[in-house]
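S.K.: Please find the sequence and the predicted model below.
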Amino acid sequence: IEQGINLLGFDIDLAEERILRHPWVERVDILRSWPSSLEVRVHEYRPLAMVNVENEQGGDLYYIDQHGKIFAQVESSQDLDFPVITGLDSVGAVIADKGLAAEAFSFLLLAARGNPIMPLQTISEVHVSPEKGLVVYLVDRPFPIYMGYNNITTRYYQLVKLLERLYRKRKVKEIKEIRMDYYEDRILVAKVEPYK
């Protein structure tokens, strides 16, 4: 857009197409405001998490939005303070479609609802493993949480209740691992044995 341009001859479709090429732009609307201005409304993607897609060089990080759409590759200068889904060697344009990647995404959506015991900000990584299902790691705790396969919503809320009790009793530091997949309706909490 240059000063003095004729609004009647301005190609709105071409301008919208050019703006949409930017990976962070989800939608753009350009409106003529007669007699002398244009109104440009840009809606950007808002990242929910990142996904690490493994390849021969190691891996590439991409942002995903709250609909599971992969929209931009993460650059080194950008914000990295999001949970990461790992263990994938390929993904489509939308991660929320099917399989373990969709279950990992569903788990993050549950955490994004803002539960005070386990909000999204407390999750460091959700690892997708064909052998073990989902394995969750928290930001401030080094132990793995084995979520397993299926029933992710039920297991998420069971985990929240368990963590609430462990935090209240100050027992979290003693945990070696949590197995949400141990047995039907049973949770195994393995503790670290003190060194003697």
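M.R.: Great, that's in hand. Numbers count the residues shown, from 1 in each chain.
S.K.: which helices and strands does the longest helix seen in the chain pack with?
M.R.: For the chain, the helix that runs over the most residues, judged by DSSP state H, is helix 152-168. Identification of packing neighbours for helix 152-168 by 3 or more CB pairs under 8 Å, 6 or more residues apart in numbering; DSSP states H and E yields helix 99-111, strand 144-148, strand 175-183, strand 186-191. For glycine as for every other residue, the C-beta is placed from the backbone atoms N, C-alpha and C.
S.K.: what would the ones you listed look like in TSV with mean pLDDT?
M.R.: As requested, the helices and strands packed on helix 152-168 are arranged in TSV below (pLDDT from 0 to 100):
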stretch	mean pLDDT
helix 99-111	91
strand 144-148	94
strand 175-183	87
strand 186-191	86
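S.K.: now those in TSV, with distance to Leu88 and mean neighbour count?
M.R.: Converted to TSV, these look like this (distance: least, CB to CB, whole Å; neighbours: other CB atoms under 10 Å):
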stretch	distance to Leu88	mean neighbour count
helix 99-111	6	21
strand 144-148	16	21
strand 175-183	20	17
strand 186-191	27	13
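S.K.: could you dump those to TSV with distance to Gln66?
M.R.: Formatted as TSV, the helices and strands packed on helix 152-168 follow (distance: least, CB to CB, whole Å):
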stretch	distance to Gln66
helix 99-111	7
strand 144-148	20
strand 175-183	24
strand 186-191	29
